[in-house]
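In: Give me a 3D structure for the following:
(one chain, ligands or ions: 1)
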Amino acid sequence: MIDVERARAETPGCEHVVHLNNAGSALMPQPVLDAVVRHLELEARMGGYEAHDASAEAIDRFYGATAELIGAAPEEIAFCSSATRAWDMAFYSFRFERGDRILTSVADYISNYLAFLQMAQRTGVEVVTVPNDEHGQVSVERLRELLDDRVKLIAITHVPTNGGLVNPVAGVGAIAREAAIPYLVDVCQSAGQLPVDVDAIGCDALSATGRKFLRGPRGTGFLYVRAELLERLNPPLIDMRAADWVAPDRYELRRDGRRFEEWEQDYAGKVGLARAVDYALEWGLDAIWERARTLGARLREQLADIEGVTVRDAGVEKCAIVTFDVEGFPAEEVKDLLRRDGINVSVSDTSSAVIESIERGLPDLVRASPHYYNTDAELDRIVECVNGLLR
Ligand SMILES: Cc1ncc(COP(=O)(O)O)c(C=O)c1O
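Out: Numbering: from 1, shown residues only. Modelled structure (predicted):
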């Protein structure tokens, strides 16, 4: 059980806003804020390199904490500036040839699709979108039918940016393992919201961001690559963090996940993300998930009861992301009007999910995403405000 009062007391932002934009960027808790500020102050006082030495333990905790979060080993983790860069570093390490295939999902993330399209242009690899099943989630059966020698990568988004859907990533993982096809999962919207375990999912690589449900600082993210795959993946970009220059004409790549990192990093952000991950672990991911999805379900139900509001979330299992549209009000206007009332939400526009928006005829959507520190009273407030727009 989450002690909501304590969670709120440790979240300074709760005093100022009704923050239902955790899928955008969550409110940082005080311990994370303290860790970031402390490191920045140290840098200002003693110098950046010296602050790094002084905080080496807190900085290195990033690997242990993140590994613990996802059931991996610290050596399988890389620190990145975002989920997108983390995903890119894995994706662009794979080699594709004309005739190869990548299998992905309808609701995959926009930047992942952009990379697929660029890779298709460059190499002739075919990007195959696995159809959804009758519940609007990736069809595990259809994916199985699409498997053959041409498939060189399966890349799926766990929780998409534009809705409450939780894709059946473990079902896909079981098939990927059976067929020995590398499997890359985008857990950007699920990390910190629900338990994510690399063995339970059966993935070979996974990417996430710091600022969303993990409640870390902006400009942080991480990549996991399974030890067995690590040494076979040649990063698309390297520097002196990723490799040693061992002779005038020779370099050697690091053997661990840090081969995907940059030498220069946002160390205040890294310390902050380490603290954020530990903070999530202290609450417990099961407890966080239980509360987050309960709040999501409550909000979904309340909004669906309003005449003129259409809730759009698909899937068998739904998370704390709630998307909807309001008759007669563009999503952007709803967001602005709510902001004036001190309520933060965001907009998922159709261009961020082109295939799904076309297939389902979706308009731009308002996205409200509570987290465990939100209250029923806050949900009532947004419901009241949306109701007010229509009356
Ligand atoms: C599913 C998904 N993947 C990836 C990203 C990208 O994260 P970042 O902005 O940290 O690169 C997002 C951001 O909204 C997302 O929703």
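In: Show residues contacting the longest helix anywhere in the chain.
Out: Longest helix in the chain, counting residues (DSSP state H): helix 285-304. For helix 285-304, the external contacting residues (C-beta atoms under 8 Å, 6 or more residues apart in numbering) are 1-2, 4, 20, 69, 164, 192-196, 213, 280, 309, 311, 313, 318-322, 324, 368-372, 374, 376, 379-380, 382-383, 386. Bear in mind the C-beta positions are built from the backbone N, C-alpha and C, glycine included.
In: Using neighbour counts, trim those residues to the buried set.
Out: Buried members of the contacts of helix 285-304, counted by 16 or more other C-beta atoms under 10 Å: 2, 20, 69, 164, 192-194, 196, 213, 280, 309, 311, 313, 318-322, 324, 368-372, 374, 379, 382-383, 386.
In: Take those and keep only those in strands.
Out: 309, 311, 322, 324, 368 (DSSP state E).
In: got those as TSV, with pLDDT and distance to the ligand columns?
Out: Shown next, in TSV, are those (pLDDT from 0 to 100; distance: C-beta to the nearest ligand atom, whole Å):
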residue	pLDDT	distance to the ligand
V309	98	23
V311	98	19
V322	98	15
F324	98	17
A368	98	15
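In: so G269 is in which element?
Out: helix 267-283 (DSSP states H and E).
In: how about the residues of the stretch 101-250 of the chain that lie near the ligand?
Out: Residues of the stretch 101-250 of the chain lying near the ligand by C-beta under 6 Å from any ligand atom: 109, 157, 160-161, 186, 188-189, 209, 221.
In: how about a cut-off of 8 Å?
Out: Contact residues, the stretch 101-250 of the chain versus the ligand (C-beta under 8 Å from any ligand atom): 108-109, 111-112, 157-162, 186, 188-189, 207, 209-212, 221.
In: Okay, and which of those map to strands?
Out: Using DSSP E, the subset of these located in strands is 157, 186, 207, 209, 221.
In: now those: which count as buried?
Out: Looks like those have 157, 186, 207, 209, 221 buried, using 16+ other C-beta under 10 Å.
In: Of these, which is the nearest to the ligand?
Out: Among these, T209 lies closest to the ligand (C-beta to the nearest ligand atom), at 3.3 Å.
In: ok, for that closest one, nearest residue in space, not its chain neighbours?
Out: For T209, ignoring the flanking residues on the chain, the nearest one in space by C-beta to C-beta, 6 or more residues apart in numbering is A83 at 3.7 Å.
In: So the one you found is in contact with A208, correct?
Out: Yes: applying C-beta atoms under 8 Å as the test, A83 and A208 come out as touching, 5.5 Å apart.
In: Give me the common contacts of the two.
Out: If you check A83 and A208 against C-beta under 8 Å, 6+ apart, the residues they both contact are 188, 221.
In: Neighbour count: the two, which is higher?
Out: Higher neighbour count among A83 and A208: A208, with 33 against 27, using other C-beta atoms under 10 Å.
In: Is the more buried one bridged to anything, and to what?
Out: Here A208 sits in beta bridges with F222, going by DSSP bridges.
In: what mean pLDDT does whichever helix or strand R339 is part of have?
Out: Per DSSP H and E, R339 falls inside helix 331-340. The pLDDT scores in helix 331-340 average 98.
In: Now find how far off-centre that helix is within its chain.
Out: Relative to the chain's own centre, helix 331-340 is displaced by 24 Å; criterion: C-alpha atoms, centre = their mean, to the nearest Å.
In: which strands and helices sit next to it?
Out: Helix 331-340 sits against strand 346-348, strand 365-368, helix 376-390, with contacts defined as 3 or more C-beta pairs under 8 Å, 6 or more residues apart in numbering; DSSP states H and E.
In: okay, the ones you listed in TSV with distance to P330 next?
Out: Formatted as TSV, these follow (distance: least, C-beta to C-beta, whole Å):
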stretch	distance to P330
strand 346-348	9
strand 365-368	10
helix 376-390	12
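In: Go through those and name the closest to A56.
Out: Evaluated over the helices and strands packed on helix 331-340, closeness to A56 peaks at strand 346-348, with 36.8 Å, by C-beta to C-beta.
In: Can you list the buried residues in the helix or strand following the closest one?
Out: With elements assigned by DSSP H and E, the helix or strand that comes after strand 346-348 is helix 354-360. Within helix 354-360, the residues scored as buried using 16+ other C-beta under 10 Å are 356-357.
In: rewinding a little: what angle do the longest helix of the chain and helix 376-390 make?
Out: Angle between the axes of helix 285-304 and helix 376-390 is 20 degrees (criterion: axes from the mean of the first three to the mean of the last three C-alpha atoms, to 10 degrees).
In: Go through helix 285-304 and flag the buried ones.
Out: Neighbour-count burial for helix 285-304 flags 285, 288-289, 291-293, 295-300, 302-303 (criterion: 16+ other C-beta under 10 Å).
In: can you give me the helices in the stretch 1-150 of the chain?
Out: 4-9, 30-46, 48-54, 56-70, 83-91, 110-123, 140-146 (DSSP state H, counting those that start in this stretch).
In: quick one on the thing from earlier: helices and strands around the helix holding G269, which ones?
Out: If you count contacts as 3+ C-beta pairs under 8 Å, 6+ apart, helix 267-283 packs onto helix 30-46, helix 48-54, helix 56-70.
In: and the longest one with helix 267-283, angle?
Out: Orientation of helix 30-46 against helix 267-283 (the same axes, to 10 degrees) gives an angle of 160 degrees.
In: For whichever residue of the stretch 251-391 of the chain sits closest to the ligand, which residues are in contact?
Out: Nearest residue of the stretch 251-391 of the chain to the ligand: S352, at 8.1 Å (C-beta to the nearest ligand atom). By C-beta under 8 Å, 6+ apart, the contact list for S352 reads 110, 161-162.
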